[in-house]
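Below is the sequence, then the predicted model.
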Amino acid sequence: MANDDRKVKTSIVLSQWVKQMIKRVAANEDVAMSDWIEQACREKLMDLGILPVHDYKDLADLVDTHYDLLREQTQISTKNLDKIRQGGSCSEIDLLRVAMCLDISETDIRNLATKSTTNLTQEYCSDGV
């Protein structure tokens, strides 16, 4: 999810039929197959509510969008997630936990936190830390 639009080479395995249909549709739209696949993937991710990091208004917006995932896959307490979600203060540790969980660079997460009314504190706001 980093704010990085560099292209990376990847391999995918498709059925012959899917490959042929993508090739045909991409040719009809006068785009490369890789560009067509990327656009289809981006549209699907956006349908799921997953946006490029630079499309979020602030940290609260990011946390609100990914609230359930953050609750399930981080050690950030529900109380603290709710606080961040509402634009409240956040510890450095919780900020980095969000970044790690969502695969966002430290720079990008700090930029979102700066856009937010969230104030970073040196105190821990996570339970059990």
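Here it is on my side, so go on.

per the record, what domains does this structure have?
Under automatic domain parsing, the residue ranges defining each domain of the chain are 1-50, 54-121.

can I get those domains in TSV with mean pLDDT and mean neighbour count?
In this view, the C-beta of every residue, glycine as well, is placed from N, C-alpha and C. Output for the domains of the chain, formatted as TSV (pLDDT from 0 to 100; neighbours: other CB atoms under 10 Å):
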stretch	mean pLDDT	mean neighbour count
domain 1-50	87	11
domain 54-121	87	18
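
export the helix or strand harbouring Lys83 as CSV, just CAs?
Element membership for Lys83, per DSSP states H and E: helix 78-85. Listed in CSV are the C-alpha atoms of helix 78-85, where the atom choice follows Å, rounded to 0.1, in the frame of the first residue of the first chain:
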residue,chain,number,x,y,z
THR,A,78,-10.3,-1.5,20.3
LYS,A,79,-10.3,1.5,22.6
ASN,A,80,-7.2,2.9,20.9
LEU,A,81,-8.4,2.1,17.4
ASP,A,82,-11.7,3.9,18.2
LYS,A,83,-9.7,6.9,19.5
ILE,A,84,-7.5,7.1,16.3
ARG,A,85,-10.6,6.5,14.1
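
Break down this protein into its strands, ranges please.
Counting by DSSP state E, the chain forms strands over residues 90-91, 120-121, given from the N-terminal end onward.

and the first one, which strands flank it?
Looking at strand 90-91 with DSSP bridges, its paired strands and their directions are strand 120-121 (parallel).

rewinding a little: tell me which other helices or strands the helix holding Lys83 touches.
In terms of contacts (3 or more CB pairs under 8 Å, 6 or more residues apart in numbering; DSSP states H and E), helix 78-85 is packed against helix 59-65, helix 67-73, strand 90-91, helix 92-102.

Kindly reformat these as JSON lines containing distance to Arg24.
Converted to JSON lines, the helices and strands packed on helix 78-85 look like this (distance: least, CB to CB, whole Å):
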{"stretch": "helix 59-65", "distance to Arg24": "35"}
{"stretch": "helix 67-73", "distance to Arg24": "36"}
{"stretch": "strand 90-91", "distance to Arg24": "49"}
{"stretch": "helix 92-102", "distance to Arg24": "35"}
